[in-house]
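J.: Okay, predicted coordinates and the sequence, questions at the end:
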Protein chains: 2
Amino acid sequence: MKDVAARAGVGLKTVSRVVNGESGVTEETERRVREAIAALGFRRNDSARILRKGRTASIGLVLEDLADPFYGPLSRAVEDAARAEGALLFHGSSAEDPERERELALAFCARRVDGLIIVPASDDHAYLEPEAAAGTAVVFVDRPGSRLEADTVLSDNFTGARDGVAHLIAHGHRRIGFLGDAPRIHTAAERLRGYRAAMASAGLEVAPDWTALGPTTPERVRTDAVRMLSGPQAVTALFSGNNRVTATVVRVLAGLRRPVALVGFDDLELADLLDPPVTVVAQDAARLGRTAAALLFRRLAGARDAAHRMELPTRLIRRGSGELPPSP
Amino acid sequence: MKDVAARAGVGLKTVSRVVNGESGVTEETERRVREAIAALGFRRNDSARILRKGRTASIGLVLEDLADPFYGPLSRAVEDAARAEGALLFHGSSAEDPERERELALAFCARRVDGLIIVPASDDHAYLEPEAAAGTAVVFVDRPGSRLEADTVLSDNFTGARDGVAHLIAHGHRRIGFLGDAPRIHTAAERLRGYRAAMASAGLEVAPDWTALGPTTPERVRTDAVRMLSGPQAVTALFSGNNRVTATVVRVLAGLRRPVALVGFDDLELADLLDPPVTVVAQDAARLGRTAAALLFRRLAGARDAAHRMELPTRLIRRGSGELPPSP
DNA sequence: GTGAAAGCGCTAACAC
DNA sequence: GTGTTAGCGCTTTCAC
């Protein structure tokens, strides 16, 4: 900028005015400045600007996994909202590792993001206390945070799972298995709770073998599913706790002779074309992201009221697999 | 940092030393500094650090659409590489809009990212000339850039499509339709070229109605597919130009009485469970991302040789739909 | 309408 | 081992 000023034969502040579109510069002066800018290939250095102004017009998004299709629409919704506010997006995956979540969030804070949207992997967000105190807005999405008062947007996992399992019960099933993500993950625990609630309110006992929570690797899910589907206590229906689990369960069921009913949490691309088409409890990932961004920008605009907690409804989509009767 | 120094009763530089883990500080002094840091909730301001050091340890990734599952693994691979180098990631979607790509790329440059990985939406990247000259590394991925010499990583779209279509021809098809993305998108044009090459080398004429390129909306694809599948010249097989097109084509074919062979470019989740399972030409999206990141960090490490252009091989995955014989 | 000077928070260079 | 000074490139303030 100094060079531009020298070349245009004007003061530093005049260049600044032109670059930032402020008024109070003659047309002729502005022309000279623009010429110098073009000739020198000058671009404003936002690091210096940020240092001076305080606000960075950027927000940080910490997800669990950028590659998981569930987070695609969520990210995109956050990005669109950020764009509308003129903010840029830092992005990172925690890979379900609390330490990695922390590193990312703090790295974003060190870059002085105005706000943070986090899908928690950690169960202790006290580390964000100083940041929040310093004015960084924080919103948790998909899962609640801990030890930090902050706006939170979740799906109603409990009700979604409960209704999905009740749907299987309504179609005559009495022995239903639940395959979920690791129990320390809030959504997995909530969905399991929904399953138990539905079973309990129908007066059904849950055999120990009918619930299996753990990593969503195909091997683990396959083993547990096969176990539930065999023996004298074999289940006639399965409820799968998320999109990755469902994908593996569908593969297991495709290899069976008898039909087994299935309701999956999360929708899947092409689920309607499988045989049978897969009944799901769908979340609105884009709406999760949109809502989280709205809460964040509300804070950045100055809102100081108590932390909000929103639970968005899920939607049961009946396609066939959840309406199969129990096979003898 | 000044406050920390005051509180700990030490000089500014000593605090800087502690914060950056440099040697040459007594244990006792370090303890006092750390205490002051904790008490004040101090966190280093990276904007100031960046301003001073030049390098920002961040890179910008401009994709077409964050929500497209194809870009998930690509982003994740870039993120993992960046993480290994200690760099943070800015992320944005161009939504196939050249102006938006430009805005994003320049906004990232204003933040002084060390490098840029771009899935081009624009067909003129001369706007990056000053940035490149100023030392910002640029890598194009998935599609080539224009009017800017830069490293480029592509899939071998031509060969992939040609081999996919040749596969259909080998199974007896003579009338094959091609449904692709808008022709101004490089990958769409290359895949069409592959289709034409396969048809030509088998001595087959291509009727005007057998190729349809345009937006990948379900409506457009459905209309074009239905047209190709009817009339006296009806095709017996389809080649679909990307994952979104394939999803719609599969739905169209599911509603038909007669079997129609299908090979799709890009793999799909659960493609193996459809009826028939979908034969695809698969790209390795993660490898595209990994390779692009490797090229970028090579430049950042100082490589000054001519721009590389790499084409990664695709893989034909035979699952059933591509092996169906022509129906009379 | 324009410019000079101060300073944002940090690090590099060089004292002590 | 530790502190002092200058300055990264910009915006703010205030004087002209």
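T.: Sure, I can see it. Numbers count the residues shown, from 1 in each chain, chains lettered A, B, ... in the order given.
J.: The residue lying closest to A:Gly86 once chain neighbours are set aside: how many residues sit nearby?
T.: Closest residue to A:Gly86 apart from its sequence neighbours, by CB to CB, 6 or more residues apart in numbering or on different chains: A:Ala57 at 5.7 Å. From N, CA and C alone the C-beta is placed, and that goes for glycine too. Using other CB atoms under 10 Å in any protein chain shown, A:Ala57 has 18 neighbouring residues.
J.: which phi and psi does A:Ala57 have?
T.: Torsion angles at A:Ala57 (phi, psi; degrees, to the nearest 10) stand at phi 50, psi 40.
J.: Would you check that it makes contact with A:Phe90?
T.: No. Using CB atoms under 8 Å as the test, A:Ala57 is too far from A:Phe90 to be in contact (11.7 Å).
J.: quick one, what contacts the closest residue to A:Gly264 other than its chain neighbours?
T.: Spatial nearest neighbour of A:Gly264, excluding adjacent residues (CB to CB, 6+ apart): A:Thr246 at 3.4 Å. Contacts for A:Thr246 were tallied using CB atoms under 8 Å, 6 or more residues apart in numbering or on different chains; they are A:240, A:262, A:264-266, A:268, A:278, A:280.
J.: what's the lowest-pLDDT member of these?
T.: Lowest in pLDDT among the contacts of A:Thr246 is A:Leu268, which has 94.
J.: Tell me how many other residues crowd that residue.
T.: Other residues close to A:Leu268 by other CB under 10 Å number 20.
J.: Make sure it is actually in contact with B:Leu268.
T.: No. With contact defined as CB under 8 Å, A:Leu268 does not count as touching B:Leu268 (10.5 Å).
J.: about what we covered before: from DNA strand D, how far off is the residue nearest to A:Gly86?
T.: The spacing between A:Ala57 and DNA strand D, counted by CB to the nearest atom of the strand, to the nearest Å, is 12 Å.
J.: show me what contacts that residue?
T.: Taking CB under 8 Å, 6+ apart, we find A:Ala57 in contact with A:85-88, A:114.
J.: how near is it to B:Ile50?
T.: A:Ala57 sits at a distance of 15 Å from B:Ile50 (criterion: CB to CB, to the nearest Å).
J.: what's the answer for A:Arg52, then?
T.: Where B:Ile50 is concerned, A:Arg52 sits at a distance of 13 Å (CB to CB).
J.: Quick check: pLDDT value at A:Arg100.
T.: Per the predicted model, pLDDT is 97 at A:Arg100.
J.: Packing partners of the host helix or strand of it?
T.: Following DSSP states H and E, one finds A:Arg100 within helix A:98-110. Judged by 3 or more CB pairs under 8 Å, 6 or more residues apart in numbering or on different chains; DSSP states H and E, helix A:98-110 is in contact with strand A:58-63, strand A:88-93, strand A:115-118, helix A:129-133.
J.: buried set for it?
T.: A:98, A:100-102, A:104-110 (16 or more other CB atoms under 10 Å in any protein chain shown).
J.: May I see the residues you listed arranged in CSV, with distance to DNA strand D as well?
T.: Shown next, in CSV, are those (distance: CB to the nearest atom of the strand, whole Å):
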residue, distance to DNA strand D
A:Pro98, 33
A:Arg100, 30
A:Glu101, 31
A:Arg102, 28
A:Leu104, 25
A:Ala105, 25
A:Leu106, 22
A:Ala107, 20
A:Phe108, 21
A:Cys109, 20
A:Ala110, 16
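J.: could you dump those to a markdown table with distance to B:Asp3?
T.: Below are the buried residues of helix A:98-110 laid out as a markdown table (distance: CB to CB, whole Å):
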| residue | distance to B:Asp3 |
| --- | --- |
| A:Pro98 | 30 |
| A:Arg100 | 30 |
| A:Glu101 | 28 |
| A:Arg102 | 24 |
| A:Leu104 | 26 |
| A:Ala105 | 23 |
| A:Leu106 | 19 |
| A:Ala107 | 22 |
| A:Phe108 | 22 |
| A:Cys109 | 18 |
| A:Ala110 | 17 |
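J.: Domain boundaries for chain A, per the record?
T.: Using automatic domain parsing, the domain parsing of chain A gives A:2-44, A:55-155+A:285-313, A:157-283+A:316-323.
J.: From start to finish, how long is the last one in a straight line?
T.: Its first and final residues considered, domain A:157-283+A:316-323 spans 21 Å by CA to CA, to the nearest Å.
J.: remind me which residues of the stretch 201-328 of chain A are low pLDDT?
T.: By pLDDT under 70, the stretch 201-328 of chain A has no low-scoring segment.
J.: pLDDT score assigned to the residue in chain A that DNA strand C sits nearest to?
T.: For chain A, the residue closest to DNA strand C is A:Gly11, as judged by CB to the nearest atom of the strand, at 2.8 Å. With respect to pLDDT, A:Gly11 has a value of 91.
J.: you'd agree it is up against A:Met1?
T.: No. Checked against CB under 8 Å, the pair A:Gly11 and A:Met1 is beyond contact range at 10.7 Å.
J.: more crowded one of these two?
T.: A:Met1 (17 against 10).
J.: Spit out the contact partners of that one.
T.: Taking CB under 8 Å, 6+ apart, we find A:Met1 in contact with A:12, A:15-16, A:19, A:42, A:44.
J.: want to throw those residues into a markdown table with neighbour count?
T.: Shown next, in a markdown table, are the contacts of A:Met1 (neighbours: other CB atoms under 10 Å in any protein chain shown):
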| residue | neighbour count |
| --- | --- |
| A:Leu12 | 12 |
| A:Val15 | 26 |
| A:Ser16 | 16 |
| A:Val19 | 17 |
| A:Phe42 | 19 |
| A:Arg44 | 15 |
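J.: could I get those as TSV with secondary structure?
T.: Output for the contacts of A:Met1, formatted as TSV (DSSP: H, G, I helix; E, B strand; the rest coil):
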residue	secondary structure
A:Leu12	helix
A:Val15	helix
A:Ser16	helix
A:Val19	helix
A:Phe42	coil
A:Arg44	coil
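J.: Using JSON lines, please lay out those residues together with distance to DNA strand D.
T.: As requested, the contacts of A:Met1 are exported to JSON lines (distance: CB to the nearest atom of the strand, whole Å):
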{"residue": "A:Leu12", "distance to DNA strand D": "5"}
{"residue": "A:Val15", "distance to DNA strand D": "8"}
{"residue": "A:Ser16", "distance to DNA strand D": "4"}
{"residue": "A:Val19", "distance to DNA strand D": "6"}
{"residue": "A:Phe42", "distance to DNA strand D": "7"}
{"residue": "A:Arg44", "distance to DNA strand D": "4"}
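J.: So which of these is the closest to chain B?
T.: A:Arg44 (5.7 Å; CB to the nearest CB).
J.: Now do the helices in the stretch 151-300 of chain A.
T.: Counting by DSSP state H, counting those that start in this stretch, the stretch 151-300 of chain A has helices at residues A:157-170, A:186-201, A:218-228, A:243-254, A:285-300.
J.: Tell me which of these lies nearest to DNA strand D.
T.: Between DNA strand D and the helices of the stretch 151-300 of chain A, the shortest gap by CB to the nearest atom of the strand is with helix A:285-300, which sits at 16.8 Å.
J.: Could you pick out the residues of the stretch 51-200 of chain A near DNA strand C for me?
T.: Residues of the stretch 51-200 of chain A lying close to DNA strand C (CB under 7 Å from any atom of the strand) are A:51-52.
J.: interface residues of the stretch 51-200 of chain A facing chain B?
T.: Residues of the stretch 51-200 of chain A lying close to chain B by CB under 8 Å from any CB of the partner chain are A:51, A:56, A:58, A:61, A:65-69, A:71-73, A:75-76, A:79, A:83, A:88-93, A:106-112, A:129-131, A:133-134.
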